[in-house]
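Enquirer: The sequence isn't on hand, but the structure is:
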């Protein structure tokens, strides 16, 4: 993110729409159209041909702002916003004063890339994570300020709290499967609190390198037969489910959040058929809680996971209990170098 700091001077001469964007005015609107068919835990979904047509221009424009590595996020955002359709495929010209006929895809992309670059710099300055930037594309730059004094990392709960505060807690029906899985099918009447989930559906991640996956599993296997301890997160205490995953990935040089729900929010979501050793496995309703995700394990191959049950050990994912509570596979990204 340090490299984006040179964009400040460029922003000053940009299209007037950025007077609104920089002030954190929320210009981005989310339509339900085109989203309802997406499975709740899908990821790596294909970009439409229309979006792919813009890939080269998006990449070139991102390179102008020295954020070329974020091209895939911008394309995923376009997929969520419009599927590449219309004169404003990034939905970034809403307050530009242009008529629909005057808007062009190139201006839409330029505006969106400059805005995303500004959000990246703001997040870098305040120490916030990339998910906060993605959600801020929908909510406005003020969301990064909000996150910066609440732990500096986006969570779904923070997204909900921010939207609720902006609309007085007013809820509206939202029939996207992502929402149905999380809360039965509603969202707060401000922006889209599910935006990070929606964007991540269109991102693809490679499995962990074999040596990293092997290191994660080798660390986990050391604790086979140990007792389950609620709140445990180290060999000194033993482990609960997310404590075990966080510890084992950490020993392999990969950072994970502490709680199972937070780990779910931090990774790419895949079908069981796509699982590779070293992926996470998520479950819901294994006990009573307000969280959607209630248990997590590590995929060990051959339809098995290694997890902090009681005792810690292997489990067959083909048994009825785990099949009934299965949510998705979670693919962990390697840290940037």
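Expert: Noted; the coordinates are in hand. These numbers come from a predicted model, not from an experiment. Residues are numbered from 1 along each chain as shown.

Enquirer: Break down the stretch 51-200 of the chain into its strands, ranges please.
Expert: All strands of the stretch 51-200 of the chain, identified by DSSP state E, counting those that start in this stretch, fall at 171-173, 186-188.

Enquirer: Tell me which of the ones you listed is the most buried.
Expert: Mean neighbour counts were compared across the strands of the stretch 51-200 of the chain using mean count of other CB atoms under 10 Å; the top stretch is strand 186-188, at a mean of 21. From N, CA and C alone the C-beta is placed, and that goes for glycine too.

Enquirer: Give me the mean pLDDT for that one.
Expert: Mean pLDDT, computed over strand 186-188, is 98.

Enquirer: Ok, stretch 242-262 next?
Expert: Across stretch 242-262, pLDDT averages out at 95.

Enquirer: Could you do stretch 324-334 as well?
Expert: pLDDT averaged over stretch 324-334 gives 91.

Enquirer: next one: stretch 55-65
Expert: 97.

Enquirer: Do a quick rundown of the strands in the stretch 201-337 of the chain.
Expert: Ranges of strands within the stretch 201-337 of the chain are 233-234, 238-239, 268-270, 280-283, 295-301, 304-307, 313-316, 326-331, based on DSSP E, counting those that start in this stretch.

Enquirer: Which residues does the longest one contact?
Expert: Residues external to strand 295-301 that are found in contact with it (CB atoms under 8 Å, 6 or more residues apart in numbering): 216-217, 220, 241-242, 244-245, 248, 260, 263-264, 275-283, 286, 305-308, 314-315, 325, 329-330.

Enquirer: Check the first one too.
Expert: Among residues not part of strand 233-234, those counted as contacts by CB under 8 Å, 6+ apart are 239-240, 243, 246-247, 258.

Enquirer: Let's have the strands of the stretch 51-200 of the chain in CSV, adding distance to residue 153.
Expert: Shown next, in CSV, are these (distance: least, CB to CB, whole Å):
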stretch, distance to residue 153
strand 171-173, 25
strand 186-188, 20
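
Enquirer: closest one to residue 108 among those strands?
Expert: strand 186-188 (24.5 Å; CB to CB).

Enquirer: And the closest one, what does it pack against?
Expert: Counting contacts by 3 or more CB pairs under 8 Å, 6 or more residues apart in numbering; DSSP states H and E, strand 186-188 packs against helix 156-167, strand 171-173.

Enquirer: Of the ones you listed, which stretch is the most buried?
Expert: Note that of the helices and strands packed on strand 186-188, helix 156-167 is the most buried (mean count of other CB under 10 Å), with a mean of 18.

Enquirer: Could you list every helix and strand in contact with that one?
Expert: helix 130-139, helix 142-148, strand 186-188, helix 195-200.

Enquirer: quick check: mean pLDDT across stretch 225-238?
Expert: On average, stretch 225-238 scores 98.

Enquirer: Is residue 200 in contact with residue 76, as I believe?
Expert: Yes: if you go by CB atoms under 8 Å, residue 200 and residue 76 touch, sitting 7.3 Å apart.

Enquirer: Among the contacts of strand 233-234, which are located in helices?
Expert: 243, 246-247 (DSSP state H).

Enquirer: how close does residue 106 get to residue 51?
Expert: To residue 51, residue 106 is 15 Å away according to CB to CB, to the nearest Å.

Enquirer: quick one, which of the two is more surrounded?
Expert: Just comparing residue 106 and residue 51: by other CB atoms under 10 Å the higher neighbour count belongs to residue 51, 24 against 13.

Enquirer: who's in contact with that one?
Expert: By CB under 8 Å, 6+ apart, the contact set of residue 51 is 75, 78-79, 83-84, 89.

Enquirer: which of those residues has the most neighbours?
Expert: In terms of neighbour count, residue 78 stands highest of these at 29 neighbours, by other CB under 10 Å.

Enquirer: correct me, but that residue touches residue 89?
Expert: Yes: Residue 78 is within contact range of residue 89, at 5.3 Å (criterion: CB under 8 Å).
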